[in-house]
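Trainee: Make a model of this:
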Amino acid sequence: MAAPPLRHVLSRFSYGVTPNLVAKARELGGAQAWFETQLAHSDVADLTAKRMRGWFPYLAKTARELYVAQTSGEYPAWQSTMDLGRWTILRRTYSKRQLFETMVEFWSNLLHVPLYEDESWPHRIGYDGVIRKHALGRFEDMLAGATVHGAMGCYLDNAISTKWAVNENLGRELLELHTVGVEAGYTEREVLHSAYILTGWRVDMWDSWNSYYAPRDHWTGPVSVLGFTDPNATADGQALTMRYLRFLAHHPATARRIATKLCVRFVADQPSSSIVDAVAAAYLSSGTDIKATLRALQAHPDFAASVDGKVRTPAEDAIAAYRVLGARVEPPTSDDDFARAIGWQLESLGQKPYGWPAPDGFPDVGIAWSSVGRVLSSLDLHLTLAGGWWPSKGVTYPTVAERLPTLPARFDAIVDHTSRQLLQRPATPQLQAACRAMLGLAAGDRFTRPADFGEWRLVQLLATVLNSPAHSAR
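Mentor: As a prediction, the model looks like this:
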């Protein structure tokens, strides 16, 4: 079982603490060594997640190829984008680069493009590659790559913005959501100038879907946004765009906004000004280096003091359950198989990857995910997964004998063993009482063989442990 500091670090920077993850962290030397190893994500072998991408061959197609497959009836758009969501769930569940995957999700929410959207979908798979490329690099590089990408251009209408018909959508969201935030105090005139700067970045929509730059479409003339000024005298505004985006990435308001969001994600729903200040300072002093920023966050006393202070989202709940229940997935051969059905399972919970319909991304505070409906959905999910009832194909789980401690054993020892395996902590008196009530057993009831305990009792026990507050805490 992990000591609290180790369990806390693993819980916040992974999608669920498992016995294997604890063993790996201890092998590396503890929480800090694991954290640093995870920051060097490219050095962590991740062959399983890489292999799983091959289960979805349309993830390798170009935007044009995906569009042709859709229009010809070969492979519909909803299916190819759903494949991206499925692979995302699989890599969050099985990747050895757990911290990296949490950051891919974080940046995908900040620079959000929905999974399926009528105009951006052909480029959505490629956009995921941009986020992944820079998720532990520098924010200035990620912002540049994401802003001019075809998916963002199509989603927020910059792909059709020209000097003759300027569309303000991306220019506005770049300021409001992606960088400085409304607190920076920019004006409507500055929003317009932001849009002027971005004109010229086009996509050949509904045909080749190629992204390109069109100097003839770029608005020229002086621009000024939050202290950034430029004569903008030439038709080719590509270099101007990059200077503007890097200016925004290094703006103190951007630093504070990103620091706040990181602290909400990894520390507390209402982080203190102390930790936000420290994280923002690291972000700026490092030149928007994401690793340095995360180190400042993890080293702050507020992080260590925030144990069990975050509520898992429905998607995190499901993925953590897949992980601790030891779901062993197989290559899918039908839509009923685990690797494909999990897409529908998370959608039924209201949180398929990248499924938020608005440009601000999924909320990451407990109040957003603490309704009665969510709780009931989670209780149903836990029982369904504990029983292996759905998805039931293309996946295997540990047997009753593999899940139980060495027998003979008392029931209270079985509960404690299960808690240590699923929650990485001993069973509390409250959990012991809940399990006794649910299974109708006494603490001292003894079992000598796995068959005596039985599969149905095990299902009820697993579900009860997953229903505990400890599982819902991140």
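Trainee: Quick check: longest helix in the protein by residues?
Mentor: Assignment by DSSP state H gives helix 77-94 as the longest helix of the chain.
Trainee: and that one, how far from the chain's centre?
Mentor: 12 Å (CA atoms, centre = their mean, to the nearest Å).
Trainee: residues in contact with Ser211?
Mentor: His123, Val148, His149, Gly150, Gly153, Trp201, Arg202, Val203, Asp204 (CB atoms under 8 Å, 6 or more residues apart in numbering). To be clear about C-beta, it is placed using only N, CA and C from the backbone, and glycine gets the same treatment.
Trainee: cool, and Gln79?
Mentor: Counting by CB under 8 Å, 6+ apart, Gln79 touches Tyr58.
Trainee: any idea how far it is from Gly85?
Mentor: 11 Å (CB to CB, to the nearest Å).
Trainee: re earlier: make TSV from the contacts of Ser211 and add neighbour count and distance to Ser392 to it.
Mentor: Formatted as TSV, these follow (neighbours: other CB atoms under 10 Å; distance: CB to CB, whole Å):
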residue	neighbour count	distance to Ser392
His123	27	35
Val148	21	44
His149	24	39
Gly150	26	39
Gly153	25	42
Trp201	25	47
Arg202	20	47
Val203	25	42
Asp204	14	44
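Trainee: out of those residues, who's nearest Leu407?
Mentor: Closest approach between the contacts of Ser211 and Leu407, by CB to CB: His123, at 55.7 Å.
Trainee: how close does the closest one get to Ala165?
Mentor: Distance from His123 to Ala165, by CB to CB: 22 Å.
Trainee: try Thr396
Mentor: For Thr396, the distance to Ala165 - CB to CB - is 57 Å.
Trainee: And the two? Which one has more around it.
Mentor: Between Thr396 and Ala165, Thr396 has the larger neighbour count (other CB atoms under 10 Å), namely 13 against 9.
Trainee: what's the spacing between the more buried one and Gln345?
Mentor: Thr396 sits 17 Å away from Gln345, going by CB to CB.
Trainee: go on, Tyr212?
Mentor: From Tyr212 to Gln345 the distance is 39 Å (CB to CB).
Trainee: of those two, who's got more company?
Mentor: Counted by other CB under 10 Å, Tyr212 and Gln345 do not tie: Gln345 has more neighbours, with 20 against 12.
Trainee: Now name the helix or strand holding the more buried one.
Mentor: helix 338-348 (DSSP states H and E).
Trainee: what's the answer for Lys24, then?
Mentor: Counting by DSSP H and E, Lys24 is part of helix 19-28.
Trainee: What residues sit buried inside that helix?
Mentor: Applying a neighbour-count criterion of 16 or more other CB atoms under 10 Å, one finds Leu21, Val22, Ala25 buried in helix 19-28.
Trainee: Kindly indicate which of those lies nearest Lys352.
Mentor: So of the buried residues of helix 19-28, ranked by how close each gets to Lys352 (CB to CB), first place is Leu21, at 24.6 Å.
Trainee: The closest one is in contact with Leu10, isn't it?
Mentor: Yes: assessed by CB atoms under 8 Å, Leu21 is found in contact with Leu10 at 5.8 Å.
Trainee: Show me what counts as buried in stretch 178-195.
Mentor: Neighbour counts over stretch 178-195 (16+ other CB under 10 Å) mark His178, Thr179, Val180, Gly181, Ala184, Tyr186, Glu190, Val191, Leu192, His193, Ser194, Ala195 as buried.
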